[in-house]
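Visitor: what's the 3D shape of this:
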Amino acid sequence: MKKRIMSLVLTAPLLFAITTVLAAGENIVFNIQGFQKYAVENSRQVTLDDLEIKTMESALEDAKKDAEFQQSPSSNLEMLNNGIKKEVSPLEAEANLEYAKRAKQENIESLKLDVYKAALDKLLIEKELNLEKAKLDILNEKYSMAEARYREGRITENDLNDVKYAVDTKKIDVQRVEKSLKTSDLELKRLLSLELDDETIKIEEELKLSKWKGINLETVIKDAIEANIEIYKKTEDLKAKEKTMEITEKYYGDGNSTYNGNKSSLELARIELEDAKISLEVEIRNKYNDLLTSKDNVELASKWQDIQKKKLKNVELKFENGLVSKEALLNEKEKYLDAEYQTFTAIHDFNILKAEFEALCK
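Guide: Residues are numbered from 1 along each chain as shown. Coordinates of the predicted model:
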């Protein structure tokens, strides 16, 4: 009996709720699906792909015309070339056209994935900025407490300076993350083909864990191999090489240079196709294993956050009853904030891996 492996649902990974653009002062506000739609509508690559499709359509028409009008052959080589022109060239042209159409869709999905990943990166950086600002607030409180202790003669000036140094260092951390946030805005604008100005991009989404359900990995791999655009190209190339060899055998035998050359090309096409299938399967299995690990990381981070939350509540209660100091409470709060951010990081990493896995399996 085939083993069913628990994983994620292979539904559209990048789909979210409503796709409307919202006006909010000078800010650019979308949900993630809205950003994806906007990116596709303004993609220069889509225009290039449409031109490529038209080029391949013209090439197919030319191949069909060339197949109908041929000169009378006077040698085996000319008969071979006529056969290739009649039976192989149209097949290759049809495959090239289909590949161009699939490549357009592939590029669209790749752009959507890039937008999705960039949006999640920005959401995580926003969480990091919230964390660093909250830590700065905690340090400012500690500094105020240290100043009071210093005035009372309970700590030395060096002790006070140590706390001040921690505050100044944290301010630098806040500035660093603010710069990262601006960089993430620029990356989204690049993907959206927008001007790289100072306008802020706001994402109308929360950083939440993507749904996880069961799949049959073997079925997923089989379907992915059948749908993969590069494997399609190599499959069609093999068909063309097989047809070329079939025609070659009518005019040449083993030992002839033309025969041997076409035979070699055929065998190479077979090897390349099998290698591509194996490489894709390995990539899918590796990505799936990464997903399993990432899922475990989310669960561990969530459990640790729950533990830190309970500890914080316990310390808060003790503080209210005068059993622990304010500094002990602030330390516990900082631990909880770190645990919360680690959960967001784990969710971010899992969601991106899941989206990459789904894109790989389409």
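
Visitor: residue 234 and residue 270 touch, don't they?
Guide: No: taking contacts as CB atoms under 8 Å, residue 234 lies outside contact range of residue 270: 9.4 Å. Every residue, glycine included, has its C-beta placed from N, CA and C.

Visitor: neighbour count winner among those two?
Guide: The residue with more neighbours, out of residue 234 and residue 270, is residue 234; 20 against 14, by other CB atoms under 10 Å.

Visitor: show the pLDDT at the more buried one.
Guide: Per-residue pLDDT puts residue 234 at 98.

Visitor: repeat for residue 161
Guide: 97.

Visitor: so it, which of the three states?
Guide: Here residue 161 is helix, with the state taken from DSSP: H, G, I helix; E, B strand; the rest coil.

Visitor: equivalent analysis for residue 205, please.
Guide: Secondary structure state of residue 205, per three-state DSSP, is coil.

Visitor: what's around the nearest residue to residue 186 once chain neighbours are set aside, how many residues?
Guide: Nearest residue to residue 186 in three dimensions, chain neighbours excluded: residue 196, at 5.5 Å (CB to CB, 6 or more residues apart in numbering). By the criterion of other CB under 10 Å, residue 196 has 10 neighbours.

Visitor: again with the one 3 residues further on
Guide: Summarising burial for residue 199: neighbours were counted as other CB under 10 Å, giving 14.

Visitor: all helices of the chain, in order?
Guide: For the chain, the helices defined by DSSP state H occupy 32-41, 44-68, 76-83, 89-151, 157-192, 217-227, 229-251, 257-320, 326-361.

Visitor: so which of these comes closest to residue 206?
Guide: Closest to residue 206 of these, according to CB to CB: helix 89-151, at 7.8 Å.

Visitor: contacts for stretch 83-93?
Guide: For stretch 83-93, the surrounding residues in contact (CB atoms under 8 Å, 6 or more residues apart in numbering) are 56, 59-60, 62-64, 66-67, 70, 236, 239-240, 243-244, 247, 250.

Visitor: can we see that at 6 Å?
Guide: Outside of stretch 83-93, the residues that reach it under the criterion CB atoms under 6 Å, 6 or more residues apart in numbering are 59-60, 63-64, 66-67, 240, 243-244, 247.

Visitor: so which of these is the closest to residue 185?
Guide: Nearest to residue 185 among those, with distances taken as CB to CB, is residue 59, at 41.8 Å.

Visitor: quick check: closest non-adjacent residue to the closest one.
Guide: What sits nearest to residue 59 in space, not counting adjacent residues and going by CB to CB, 6+ apart, is residue 93, at 5.2 Å.

Visitor: distance of that neighbour relative to residue 66?
Guide: Distance of residue 93 to residue 66, given as CB to CB, to the nearest Å: 10 Å.

Visitor: tell me which of those two has more neighbours.
Guide: Each of residue 93 and residue 66 has its neighbours counted (other CB under 10 Å); residue 93 has more, 21 against 14.

Visitor: ok, so what distance separates that one from residue 330?
Guide: Per CB to CB, residue 93 is found 71 Å from residue 330.

Visitor: give me the contact list for stretch 154-165.
Guide: Outside of stretch 154-165, the residues within contact range by CB under 6 Å, 6+ apart are 142-143, 146, 149-150.

Visitor: residue contacts, residue 133?
Guide: residue 174.

Visitor: how many neighbours does residue 59 have?
Guide: Neighbour tally, residue 59, other CB under 10 Å: 17.

Visitor: same deal with residue 201?
Guide: The tally of other residues near residue 201 (other CB under 10 Å) stands at 21.

Visitor: for residue 203, same thing?
Guide: 22.

Visitor: thought residue 121 was touching it, still the case?
Guide: No: at 10.4 Å, residue 203 does not count as touching residue 121 under the criterion of CB atoms under 6 Å.

Visitor: looking at the helices of the chain, which is nearest to residue 207?
Guide: Proximity to residue 207 (CB to CB) singles out helix 89-151 among the helices of the chain, at 4.5 Å.

Visitor: just want the angle from the closest one to helix 326-361.
Guide: Interaxial angle of helix 89-151 relative to helix 326-361 (axes from the mean of the first three to the mean of the last three CA atoms, to 10 degrees): 180 degrees.

Visitor: chain center to helix 89-151, what's the gap?
Guide: Its chain's C-alpha centre and that of helix 89-151 lie 10 Å apart, by CA atoms, centre = their mean, to the nearest Å.

Visitor: list the contacts of residue 346.
Guide: When contacts are counted by CB under 6 Å, 6+ apart, residue 346 touches 297-298, 301.

Visitor: of the residues you listed, buried ones?
Guide: Those of the contacts of residue 346 that meet the buried threshold are 297-298, 301, by 16 or more other CB atoms under 10 Å.

Visitor: want to throw these into a markdown table with pLDDT and distance to residue 177?
Guide: Converted to a markdown table, those look like this (pLDDT from 0 to 100; distance: CB to CB, whole Å):
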| residue | pLDDT | distance to residue 177 |
| --- | --- | --- |
| 297 | 98 | 22 |
| 298 | 98 | 23 |
| 301 | 98 | 20 |
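
Visitor: in JSON lines: those residues, plus distance to residue 354.
Guide: Listed next are the buried ones among the contacts of residue 346 as JSON lines, based on distance: CB to CB, whole Å:
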{"residue": "297", "distance to residue 354": "13"}
{"residue": "298", "distance to residue 354": "11"}
{"residue": "301", "distance to residue 354": "16"}
